[in-house]
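[1] Next one to model:
(2 chains)
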Amino acid sequence: MTYEIIMAGFGGQGILSAGMLLAHAAMLDGKQVSWLPSYGPEMRGGTANSSVVISDEPVDCPVLNSANVLIVMNRPSLDKFESWVVKDGIVIIDSSIVNRDITRTDIASFLIPATKIASEMGNTAFANIILLGKLVKEKNAVTVESFRKSLYEVLPKRKHHMIPLEMEALEIGMNYTSA
Amino acid sequence: MGQRMLMKGNEAIAEAAIRAGCIHYFGYPITPQTEIAHYMAKKLPKVNGVFLQAESEVAAINMVYGAGSTGTRVMTSSSSPGISLKQEGLSYLAGAQVPAVVVNIVRAGPGLGGIQPSQSDYFQSCKGGGHGDYRQIVLAPSSVQELYELTVEAFNLSDKYRIVTIIQGDGILGQMMEVVEFRDTEPIERPETPWAVTGHENKRAQNVITSIHLNPAVLEQWNRNLQEKYNLIKEKETRYELYNTDDSDIIIVAYGTVARIAKSVIEKAKEEGFNVGLLRPITLWPFPQEAFEKVIDRTKAFITVEMSAGQMLEDVKLSVNGRRPVYFHGRMGGMVPERDDILKLIRDIYGKSA
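    So this is what the prediction gives:
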């Protein structure tokens, strides 16, 4: 199985770091991975995206023009990337920011008000992790245990005290069902 | 098994250089390769090395000339506009036979261009961006693992032949993260350096590192010696990868990031019943002409795919020498060739020959 995952949103929402955590966790699972950031002159408020490929085989092509998983944290990203999703692919949407659902009928969508939930948890920075939770649940792209380990290995020590909350955010995303 | 790490391509280059014994780095920041300088600034002092951010690219390459003249391992890195500024220095390094490793994480030009990936510096690296009859070894990795391995190799080659070795990447390779598996020890080959300027202490004649020879007969002989060296490198150090070329009808010629894209096209083409192979130059100079001799009788056509207007294309045509048609697909300006567009070209070619 090969997961071609595009994560996209505003700079500052943790789009790049979420992709990196995912790639790191998949590496710990023994998978082949690549992580490619958009590295344009983006900054907080601009657009950002990262492409993550997770595969049992060596990754042929780290540059994506299509994906089977799309995670979007703003409307322009959904508008841009919805057509990139292959048939039977899934789109995970932060519905507290993106004001529409997908228009296609050959793919599935999961709407989670991630930023709102994260804000209620006390830190909007957890929104990306909540969305990743849904990916972990729906696609088993990485194991929960490897994700926990990757948080410890990727985040600097001064942020390790936040990891229990990050794992809580992951669980919330995994178990979220839209009303 | 060695240590496995998820790393950016730029970081892998820097780590490889340090593992290869590079203790001097001179550079000037430019996107998309600045992580190399970051990494060197953090790590070189820990191995008693020198990291120095120069006042310009021109200064940096001349510092490389100085450090390289002492026989120590030295590196600089930049991206296209910065590499253009270094061309005078590169010509001098070639003339004086000073070994050095120069990394070019290519971005789109011409001029200031943009910061997105490109392969439009092929001419500059392979055909001589500076003046004079000179060559430099040009290595084109296509994964983060290969960036690491070929960077170590670049230092060995530079020392072996007293030549500049260019690591030619692109913005994607520099910025991308992949898993790198490091060897426990590096295969470091360092010949003696009796030519180096290290202080003669009145015990031997002084060594002079120079590229000036005002007597034309002397300079011609100097050039002949250089050409002899270049021919030896052509004979011994040409590298390439052949993938699925045993009975393929069409062979894609591509290097670096584009070779990765091409490989994934081959799988998709197979699903449509098209048999396509890949010829991937690993040394851009010397260009792997011999690879074409191996496959030309077994194939019907070649497609060159590049992130340029068609630069390597000229060397492909010279190697094929009219014996087979050579098609081309290129993107410019920081745009990346798409799998579907390459596949469409394959369908078109099959349609023509059917």
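[2] CA only for contacts and neighbour counts going forward, please
    Fine.
[3] Pull up the residues of chain A that are close to chain B.
    Residues of chain A lying near chain B by Cα under 8 Å from any Cα of the partner chain: A:24, A:27, A:32-37, A:39-40, A:60-63, A:65.
[4] Identify the residue with the minimum pLDDT among those.
    In terms of pLDDT, the lowest of the residues of chain A next to chain B is A:Gly40, showing 69.
[5] Can you get me a residue count around residue 127?
    Looking at chain A here, since you left the chain open. If you count neighbours by other Cα atoms under 10 Å in any protein chain shown, A:Ala127 ends up with 29.
[6] Actually, chain B is the one I wanted.
    With other Cα under 10 Å as criterion, B:Lys127 counts 14.
[7] show me what contacts it?
    B:Arg135 (Cα atoms under 8 Å, 6 or more residues apart in numbering or on different chains).
[8] those strands in chain A, which residues are they?
    With DSSP state E, the ranges of strands along chain A come out as A:2-10, A:32-37, A:47-55, A:67-72, A:85-94, A:108-112.
[9] will you turn those into JSON lines that also has mean neighbour count?
    JSON lines is the format used below for the strands of chain A (neighbours: other Cα atoms under 10 Å in any protein chain shown):
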{"stretch": "strand A:2-10", "mean neighbour count": "24"}
{"stretch": "strand A:32-37", "mean neighbour count": "26"}
{"stretch": "strand A:47-55", "mean neighbour count": "25"}
{"stretch": "strand A:67-72", "mean neighbour count": "25"}
{"stretch": "strand A:85-94", "mean neighbour count": "21"}
{"stretch": "strand A:108-112", "mean neighbour count": "20"}
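[10] So what touches the helix or strand bottoming out on mean pLDDT in chain B?
    Taking mean pLDDT, DSSP states H and E as the measure, the helix or strand of chain B with the lowest value is helix B:339-353, at a mean of 92. For helix B:339-353, contacts defined as Cα under 8 Å, 6+ apart pick out A:65, B:250, B:261-262, B:264-265, B:268-269, B:274, B:329.
[11] chain center to it: distance?
    Counting by Cα atoms, centre = their mean, to the nearest Å, helix B:339-353 is centred 29 Å from the centre of its parent chain.
[12] One more: stretch B:226-245?
    For stretch B:226-245, the gap between its own C-alpha mean and the chain's C-alpha mean amounts to 13 Å (Cα atoms, centre = their mean).
[13] any bit of it sitting next to chain A?
    No: Stretch B:226-245 stays clear of chain A (Cα under 8 Å from any Cα), getting no nearer than 12.5 Å.
[14] Give me the buried positions along that stretch.
    Within stretch B:226-245, the residues scored as buried using 16 or more other Cα atoms under 10 Å in any protein chain shown are B:226, B:229-230, B:233-234, B:237-240, B:242-243, B:245.
[15] re earlier: quick one, which of the strands of chain A is nearest to B:Ile166?
    Closest approach to B:Ile166 among the strands of chain A (Cα to Cα): strand A:32-37, 23.5 Å.
[16] roughly how far is the closest one from the heart of the chain?
    Mean-position distance between strand A:32-37 and its chain equals 13 Å (Cα atoms, centre = their mean).
[17] which secondary structure elements does it contact?
    With contacts taken as 3 or more Cα pairs under 8 Å, 6 or more residues apart in numbering or on different chains; DSSP states H and E, strand A:32-37 sits against helix A:15-28, strand A:47-55, helix B:171-175, strand B:177-181.
[18] Give me the buried positions along stretch A:111-128.
    The neighbour-count check on stretch A:111-128 (16+ other Cα under 10 Å) flags A:111-118, A:125-128 as buried.
[19] Mind picking the two most distant members of the residues you listed?
    Farthest pair in those (Cα to Cα) is A:Leu111 and A:Ala125. Separation: 18.0 Å.
[20] what number of residues lie near the closest residue to chain A within the stretch 1-150 of chain B?
    Closest to chain A within the stretch 1-150 of chain B is B:Leu6: 6.6 Å, counting by Cα to the nearest Cα. Per other Cα under 10 Å, the neighbour tally for B:Leu6 reads 22.
[21] count of neighbours near the residue lying closest to it once chain neighbours are set aside?
    Excluding its sequence neighbours, the residue lying closest to B:Leu6 (Cα to Cα, 6 or more residues apart in numbering or on different chains) is B:Val179, at 4.3 Å. When neighbours are defined as other Cα under 10 Å, B:Val179 has 23 of them.
[22] Just the pLDDT at A:Val144, thanks.
    At A:Val144, the model reports a pLDDT of 97.
[23] Kindly report the same for the one 4 residues further on.
    As predicted, A:Arg148 sits at a pLDDT of 97.
[24] A:Gly19 and A:Trp35, how far apart?
    Applying Cα to Cα, to the nearest Å, the value for A:Gly19 to A:Trp35 is 7 Å.
[25] Alright, I will stop here.
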